[in-house]
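Undergrad: Got a sequence here, can you build the structure:
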Amino acid sequence: QVQLVESGGGLVQAGGSLRLSCAASTRTSSRYEMGWFRQVPGKEREFVAYITWSGGNTDYAHSVKGRFTISRDNAKNTVILQMNNLKPEDTAVYYCAAAPLAASLRKGEYDYRGQGTQVTVSS
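TA: Coordinates of the predicted model:
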């Protein structure tokens, strides 16, 4: 069982930055691929980014590529999503998730997910 807790969300103006953090409850998470999703009420969950357990491979949704950076520190059981040049369309609840395969995260599938943190970008 892996418990994930997100933090770092908030209200920011367009063009600003936020740093989301995901803390995992167990070192088992170091063997999971980790990712971020976001969801707006009434819309489908959207893949944002993933990072492999070694940290050697990452992938991003086209809408965030070049603005967001995902990283992980397995020693600290933490995954970070650095979000720069935020846009109003980035407003959503952001979720951290864990899956055995990166391909699963890319398809929106995961074994564990956190409760989410709200990100609001004002224009």
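
Undergrad: Next, the contact list for residue 44, please.
TA: If you count contacts by Cβ atoms under 8 Å, 6 or more residues apart in numbering, residue 44 has none. C-betas here are computed from N, CA, C, even on glycine.

Undergrad: let me redo that: residue 95
TA: 6, 36, 37, 38, 39, 45, 113, 114, 115, 116.

Undergrad: Can you lay out those as JSON lines showing distance to residue 57?
TA: Putting these into JSON lines (distance: Cβ to Cβ, whole Å) gives the following:
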{"residue": "6", "distance to residue 57": "22"}
{"residue": "36", "distance to residue 57": "15"}
{"residue": "37", "distance to residue 57": "18"}
{"residue": "38", "distance to residue 57": "21"}
{"residue": "39", "distance to residue 57": "24"}
{"residue": "45", "distance to residue 57": "22"}
{"residue": "113", "distance to residue 57": "21"}
{"residue": "114", "distance to residue 57": "22"}
{"residue": "115", "distance to residue 57": "27"}
{"residue": "116", "distance to residue 57": "25"}
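
Undergrad: Would you list the phi and psi of residue 40?
TA: phi -110, psi 140 (degrees, to the nearest 10).

Undergrad: in the sheet, who's paired with the nearest residue to it once chain neighbours are set aside?
TA: Take residue 40 and drop its neighbours on the chain: the residue closest to it by Cβ to Cβ, 6 or more residues apart in numbering is residue 92, 4.9 Å away. Using DSSP bridges, the bridge partners assigned to residue 92 are residue 119.

Undergrad: give the contact list for residue 92.
TA: 38, 39, 40, 46, 118, 119.

Undergrad: now residue 94
TA: Going by Cβ under 8 Å, 6+ apart, residue 94 touches 6, 9, 20, 36, 37, 38, 48, 81, 116, 117, 118, 119.
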